[in-house]
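> okay, sequence plus prediction incoming.
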Amino acid sequence: MCHWLLEKFFEDIEFMVEYYDTTAVKEGKHFENKVEWGIDLVSEHERFKFQKPVTVYNYPKGVKAFYMRLNDDLATVAAMDVVVPKVGELIGGSQREERYGVIKSSGFVLGFERMVLFAKGMDNIRDVIPFPRYPRRGFSNL
């Protein structure tokens, strides 16, 4: 998808980089929601303007679903997210508990609309959803 975007819309992406994406990472960033061990990341943290995608892994077990595999430290689970500037979580993944008597599976997901949002440098996910839903217009009315 990224290759296709660069091939077909390189000028658009160049424009976004030159004129739109001018905010630099500032040292001493203070978040409204404090960042500390054991809390779940919120949109404010995920959308922070890092200079590149960041992978967050081994989340505290208390902020993730019960079916995620507990790590050997008994404090974290085998989960990861890739967060990108302006969008937040682009890819989320985890290993599901595979031990006897517990759910067996693993997987990850890449949000298509979030990928388009990231690639085009837009701010609101509603602007990239091809078939938006709203009251009295669900999927059955397409």
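Yep, it's here. These figures come from a predicted structure and were not determined experimentally.
> okay, CA-based contacts and neighbour counts for the rest of this
Noted.
> what about the helices in the chain?
With DSSP state H, the ranges of helices along the chain come out as 2-15, 43-46, 112-120.
> can I get the ones you listed in a markdown table including mean pLDDT, distance to residue 97 and mean neighbour count?
Listed next are these as a markdown table, based on pLDDT from 0 to 100; distance: least, CA to CA, whole Å; neighbours: other CA atoms under 10 Å:
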| stretch | mean pLDDT | distance to residue 97 | mean neighbour count |
| --- | --- | --- | --- |
| helix 2-15 | 82 | 33 | 12 |
| helix 43-46 | 69 | 26 | 16 |
| helix 112-120 | 88 | 26 | 18 |
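> of all those helices, which lies closest to residue 30?
For residue 30, the closest of the helices of the chain is helix 43-46, at 10.2 Å, according to CA to CA.
> hang on, the earlier thing: turn the helices of the chain into TSV, columns for distance to residue 78.
TSV is the format used below for the helices of the chain (distance: least, CA to CA, whole Å):
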stretch	distance to residue 78
helix 2-15	28
helix 43-46	19
helix 112-120	23
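> to residue 82, which of those helices lies closest?
When the helices of the chain are compared (using CA to CA), the closest one is helix 43-46, at 9.2 Å.
> neighbours of the closest residue to residue 69 other than its chain neighbours, just the number please.
Ranked by CA to CA, 6 or more residues apart in numbering and with sequence neighbours excluded, the top spatial neighbour of residue 69 is residue 97, at 4.1 Å. Residues lying near residue 97 (other CA atoms under 10 Å) number 20.
> verify the stated contact: residue 97 with residue 104.
Yes: if you go by CA atoms under 8 Å, residue 97 and residue 104 touch, sitting 5.8 Å apart.
> any idea how far residue 77 lies from residue 13?
37 Å (CA to CA, to the nearest Å).
> quick one, grab the pLDDT at the closest residue in space to residue 61 that isn't next to it in sequence.
Spatially, and ignoring its direct neighbours in sequence, residue 61 is nearest to residue 76 (4.7 Å; CA to CA, 6+ apart). Predicted confidence (pLDDT) at residue 76: the value is 93.
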